[in-house]
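**Q** sequence plus predicted model, see below.
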Amino acid sequence: MWCSGAVLSFAAAEAHKIGPAVSYAIGQGATMVSALWGVLVWKEFKDASSRSKQLLPWMFLLFTLGLAAVAVAPLYSR
């Protein structure tokens with residue numbers, strides 16, 4: 001499944017439908033989905049300290065902002 005998604009992502013980037021940066025950001029979105037799955041479905045942080053639980057929203061926010069920055073970076077490269 002991952003391989004198929006990677007091949008399609010590379011093909012879309014090479015076909016100039018989307019740029020390599022956007023393709024990379026979309027691919028890394030899978031990391032966000034798996035993190036959400038772990039936190040919300042598998043309750044991986046249920047026994048974590050309160051400080052760790054406070055940092056989780058920041059992790060999601062900063063990761064999303066980082067992906068967005070990578071995706072829009074080519075717009076500002078010229």
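**A** The structure has been received and is ready for your questions. Numbers count the residues shown, from 1 in each chain.
**Q** got any ranges where this structure has weak pLDDT?
**A** Low-confidence segments of the chain, defined by pLDDT under 70, are absent.
**Q** please repeat the previous calculation with a cut-off of 90.
**A** Applying pLDDT under 90 to the chain flags residues 1-30, 74-75, 77-78.
**Q** show me the helices in it, by range?
**A** Remark: helices assigned in the chain by DSSP state H are 2-14, 20-36, 50-72.
**Q** and the second one, what's buried?
**A** By neighbour count, with 16 or more other C-beta atoms under 10 Å as the criterion, the buried positions of helix 20-36 are 21-27. For glycine as for every other residue, the C-beta is placed from the backbone atoms N, C-alpha and C.
**Q** re the thing from before, make a markdown table from the helices of the chain and add distance to residue 78 to it.
**A** Converted to a markdown table, the helices of the chain look like this (distance: least, C-beta to C-beta, whole Å):
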| stretch | distance to residue 78 |
| --- | --- |
| helix 2-14 | 19 |
| helix 20-36 | 13 |
| helix 50-72 | 13 |
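**Q** of all those helices, which lies closest to residue 43?
**A** helix 50-72 (11.3 Å; C-beta to C-beta).
**Q** show me what the closest one is packed up against.
**A** Applying 3 or more C-beta pairs under 8 Å, 6 or more residues apart in numbering; DSSP states H and E, one finds that helix 50-72 contacts helix 20-36.
**Q** next one: stretch 55-66 to chain centre, how far?
**A** Offset of stretch 55-66 from its chain centre (C-alpha atoms, centre = their mean, to the nearest Å): 10 Å.
**Q** now residue 59. Nearest residue, chain neighbours left out?
**A** residue 35 (7.6 Å; C-beta to C-beta, 6 or more residues apart in numbering).
**Q** show me what contacts that neighbour?
**A** For residue 35, the contact set (C-beta atoms under 8 Å, 6 or more residues apart in numbering) comprises 59-60, 63.
**Q** tell me which of the residues you listed is nearest to residue 73?
**A** Nearest to residue 73 among the contacts of residue 35, with distances taken as C-beta to C-beta, is residue 63, at 15.8 Å.
**Q** list the residues that contact residue 63.
**A** Here residue 63 is in contact with 31-32, 35 (C-beta under 8 Å, 6+ apart).
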